[in-house]
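Student: I'd like to go over a predicted model; first the sequence, then the structure.
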Amino acid sequence: MLTHSATLYLASVLIWGSTWYAIKFQLGVVAAEVSLVYRFALAAVILLLFCLLSGRDLKYSPRQHGFIALQGLCLFSCNYLIFYWATELLTSGIVALMFSTVILMNIVNGAIFMRAAVSPRVMLGAAFGIAGIVAIFWSEVSGVDNNADTWRGLWMCLVATYFASVGNIISARNQHNGIPVVQTNAWGMTYGALIMAAYALISQVPFNYDPDPAYSASLIYLSVFGSILAFGSYLTLVGRIGADKAAYAAVLFPVIALGISTLFEDYQWTFRALCGFALVLLGNYIVLTKQPNSG
């Protein structure tokens with residue numbers, strides 16, 4: 001079980017860390033909400049076909065569908081769109097820092113909605129992780145302008161992160177009530193795509209398509225790896241080790257993204273950034289390892 005959970009954790013971190021680079025090819029010609037419709041609709045179709053071909057049960061009660069739709073609203077639509085809006089106002093480093101607060105939100109929401117115990121060890125690890133992210137992106141953090149656009153972007157990030165956190169808790173709730181992750185994600189991504197499509201139609205955003213092969217390639221990657229595999233791995237992990245511990249993966253996403261940026265965009269690591277990376281790793285160790293039994 002431990003090895004399997006470690007594999008799920010590693011898959012979540014590596015895939016989502018790489019999606020930061022893939023998303024760049026989605027921006028420009030096609031509106032963000034329309035790209036999200038394409039992404040989650042494709043992922044939903046693949047998952048639904050997989051469930052049908054593998055004989056998985058897709059029949060659920062209206063109440064169960066209500067919670068699945070709520071998960072789709074929080075995880076597969078609203079949070080992404082609001083983060084896309086925030087990236088137009090803030091640098092990627094600030095967005096990464098704000099999203100890392102999901103680990104604190106998961107601790108609080110888990111205690112409120114799931115009556116999960118608050119672990120001082122996870123709180124300590126979260127503090128190290130967030131401090132590490134601050135150090136890594138210090139040049140961006142220290143250069144933030146105190147203006148209306150910045151504050152609007154920061155509030156957007158907090159709202160989007162809270163949506164993601166609530167989605168984590170709902171997923172844990174659905175799993176505890178016997179709804180498997182694969183089926184939940186299949187229906188949830190369907191609802192997420194429909195919600196985004198409805199918003200795009202109301203906003204009168206054109207449903208165009210970018211003919212650039214890079215757009216199609218990134219769309220397939222984001223649908224199959226970033227949506228189906230990463231969410232499947234991460235939400236399974238949420239059900240097994242808890243939303244608080246699983247959320248620490250969000251602290252590692254930007255570190256992986258910077259590693260990819262080092263290879264493809266000539267990112268240069270500073271001593272402060274390396275110290276921040278060490279803090280992130282220390283926080284990861286504290287969160288994911290068990291405290292030794294005392295004498």
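Tutor: Received, thanks. These figures come from a predicted structure and were not determined experimentally. Residues are numbered from 1 along each chain as shown.

Student: my guess is residue 229 contacts residue 11, does it?
Tutor: Yes: at 6.6 Å, residue 229 and residue 11 qualify as touching, with contact defined as C-beta atoms under 8 Å. For the C-beta atoms, the positions are set from N, CA and C on the backbone; glycine is no exception.

Student: neighbour count winner among the two?
Tutor: Using other C-beta atoms under 10 Å as the criterion, residue 229 and residue 11 rank with residue 11 on top: 19 against 15.

Student: could you find the closest non-adjacent residue to that one?
Tutor: residue 233 (4.3 Å; C-beta to C-beta, 6 or more residues apart in numbering).

Student: same thing with residue 141?
Tutor: Closest to residue 141 by C-beta to C-beta, 6+ apart is residue 134, at 5.8 Å.

Student: next: residue 30.
Tutor: Using C-beta to C-beta, 6+ apart, the nearest residue to residue 30 is residue 210, at 5.2 Å.

Student: which residues does that neighbour contact?
Tutor: 28-30, 216 (C-beta atoms under 8 Å, 6 or more residues apart in numbering).

Student: again, but for residue 281
Tutor: residue 132.

Student: any idea which helix or strand carries it?
Tutor: helix 271-288 (DSSP states H and E).

Student: buried sites along that helix?
Tutor: Within helix 271-288, the residues that count as buried by 16 or more other C-beta atoms under 10 Å are 273, 276-277, 279-284, 286-288.

Student: only alpha carbons, please: show it as PDB.
Tutor: Taking Å, rounded to 0.1, in the frame of the first residue of the first chain, the C-alpha atoms of helix 271-288 are listed here in PDB:
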ATOM      1  CA  PHE A 271      21.300  30.100  -4.000                       C
ATOM      2  CA  ARG A 272      18.000  31.400  -2.400                       C
ATOM      3  CA  ALA A 273      16.000  29.200  -4.800                       C
ATOM      4  CA  LEU A 274      18.100  26.200  -3.900                       C
ATOM      5  CA  CYS A 275      17.600  26.900  -0.200                       C
ATOM      6  CA  GLY A 276      13.800  27.100  -0.900                       C
ATOM      7  CA  PHE A 277      14.000  23.800  -2.700                       C
ATOM      8  CA  ALA A 278      15.600  22.200   0.400                       C
ATOM      9  CA  LEU A 279      12.800  23.600   2.600                       C
ATOM     10  CA  VAL A 280      10.200  22.100   0.300                       C
ATOM     11  CA  LEU A 281      11.900  18.700   0.500                       C
ATOM     12  CA  LEU A 282      12.100  19.000   4.200                       C
ATOM     13  CA  GLY A 283       8.400  19.900   4.500                       C
ATOM     14  CA  ASN A 284       7.600  16.900   2.200                       C
ATOM     15  CA  TYR A 285       9.600  14.600   4.500                       C
ATOM     16  CA  ILE A 286       7.800  15.900   7.600                       C
ATOM     17  CA  VAL A 287       4.300  15.600   6.000                       C
ATOM     18  CA  LEU A 288       4.700  12.200   4.500                       C
END
